[in-house]
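Participant: okay, predicted coordinates and the sequence, questions at the end:
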Amino acid sequence: QRIIDIKESNILVSAAAGSGKTAVMVERIITLIKSGEDIDKFLVVTFTKAAAAGMKQKIQKSLVKAVQSKEGNIKHLRKQLSLLNRSMITTIDSFCMDVVKKNFHLTEVDPNFRVGDKSELSILLQDSIDEALEEEYSSINDNEDFRKLVEGFTGNRGDEELSEIIQNAYKFILSFPDPFAWLNASVDMMNITGEELKNSKWLEEIKKHIVLLLDGAKGYISTALAICKEPNGPLLYLDTLKQDMDIVNNLCELIKSDDMEEFIGALRNFKAPKAAIFKEKNYPDVDIEKQIEVNGSKNSSSMRAKYKGIISSISELLPYDLDYEMYAEEINKMQGSISALRNVIAKTDQYYKEKKREKSIADFNDLEHFALNILRNTDDNGEFIPSEAAEYYRKKFNYIFIDEYQDSNSLQEALIEQLKRENN
């Protein structure tokens, strides 16, 4: 209810699947309409066309019901019903298409372009990759970096694996607002020293992943402790589980203290404390199922087995010792090959764009990039700022709603950033 009613604020709702996030969003939209807002002043972005159609249908049913029960301003509600079909309740791709079609003069897009079908675009992309590779192969004897790339990622059956890597990497970088700026920065990061590696984003991400795994281990131990304290629970494991928790807490403190060497040492020395031996005749009041769930000797899915499994997986993830200089040297050696991969991806992009331009077609990534180019400009300092077109949409939309927000897609994030205000 708080989410439905809150005003003058940007809101992020995070909850589990099936918990009713979309239903709450629909109710918030309906509440705003009933309070006097016009539906054509809303931008509602859904993940699929089916979801958009479903949302329109739910809003329509609610408005019809309100009109029939004479709830609120009937004239206003009837107006909303007439506006509903023209409202911007749509997917991000359809919204981008609308932006491009209305502002094609602001970009180098053929006004008669169409979105190509999946198979057509797939063939054009593969042809572009083949042409880019063929160009590189023609001078392979003079290009040691590309030769190493080929040696590392091709086999007896040809260069299918390398072709697939190029395609996947190309599609991945297109989810960034400035794909090749990101790619260039990422390749440059590989020119790294041991000390820089020690404080790098890569190591930081590894630490975050380990903390997440350790939190999972603590979760299993906490569940086991709770089961022990239940009626007829296996209390004989209580002290052992507390020791387990102390060990995992210590590992958490070490990984967060930035002393990876000490953390790895503690991990290598990890040995789960031995639990009390359970014999049914000695513990007649203990529920056998609960005992098995906590520490069943033949139960690989017991809470203790699961937590120990997590610790083992972390141990397998990390090297036996940390030689940052050695790892940095290995990363440096890879930079040439990865630089060659970047060059092939850049040529693939060039050929792919030319082929699409010749046919006056675009793909969905193009729509998002075209729209972003329309919606933002750069100021005198080279910083991105909303364009005049973006200001038009900022004034047009009093409220923006995004269902199933894709926080992993920074391109979509950049698009919304040009449209949103601080409170809508």
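Facilitator: Received, thanks.
Participant: would you mark the buried spots in the helix or strand bottoming out on mean pLDDT in the chain?
Facilitator: Least confident helix or strand of the chain, by mean pLDDT, DSSP states H and E, is helix 2-5 with a mean of 81. Neighbour counts over helix 2-5 (16 or more other Cβ atoms under 10 Å) mark no residue as buried. C-beta here means a position set from N, CA and C on the backbone, and glycine is covered the same way.
Participant: run the chain-centre distance for it.
Facilitator: Distance of helix 2-5 from the chain centroid (Cα atoms, centre = their mean, to the nearest Å) equals 26 Å.
Participant: same for the longest helix seen in the chain, what does it pack against?
Facilitator: Of all segments of type helix in the chain, defined using DSSP state H, the longest is helix 324-359. If you count contacts as 3 or more Cβ pairs under 8 Å, 6 or more residues apart in numbering; DSSP states H and E, helix 324-359 packs onto helix 118-137, helix 144-153, helix 160-173, helix 179-188, helix 194-198.
Participant: tell me the angle of it relative to helix 179-188?
Facilitator: Using axes from the mean of the first three to the mean of the last three Cα atoms, to 10 degrees, the inter-axis angle of helix 324-359 relative to helix 179-188 is 160 degrees.
Participant: any idea of the mean pLDDT in helix 324-359?
Facilitator: For helix 324-359, the mean per-residue pLDDT is 95.
Participant: flag every buried residue along it.
Facilitator: By neighbour count on 16+ other Cβ under 10 Å, the buried set for helix 324-359 is 324, 327-328, 331, 335-345, 347-349, 351-352, 355-356.
Participant: kindly report the same for stretch 372-383.
Facilitator: Under the neighbour-count criterion of 16+ other Cβ under 10 Å, stretch 372-383 has 372-376 buried.
Participant: same question, stretch 120-129
Facilitator: Residues of stretch 120-129 classed as buried: 121, 124-125, 128-129 (neighbour count, 16+ other Cβ under 10 Å).
Participant: mind putting the residues you listed into TSV with distance to Cys96 and pLDDT?
Facilitator: As requested, the buried residues of stretch 120-129 are exported to TSV (distance: Cβ to Cβ, whole Å; pLDDT from 0 to 100):
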residue	distance to Cys96	pLDDT
Leu121	16	96
Leu124	20	97
Leu125	20	97
Ser128	22	97
Ile129	25	97
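Participant: what segments of the stretch 1-150 of the chain are strands?
Facilitator: Secondary structure of the stretch 1-150 of the chain by DSSP state E, counting those that start in this stretch: the strands cover 42-46, 88-91, 114-115.
Participant: the helix or strand harbouring Lys242 packs against which elements?
Facilitator: In this structure, Lys242 sits in helix 238-256 according to DSSP states H and E. Applying 3+ Cβ pairs under 8 Å, 6+ apart, one finds that helix 238-256 makes contact with helix 201-228, helix 260-268, helix 303-317.
Participant: recalculate using a threshold of 6 Å.
Facilitator: Judged by 3 or more Cβ pairs under 6 Å, 6 or more residues apart in numbering; DSSP states H and E, helix 238-256 is in contact with helix 201-228, helix 260-268.
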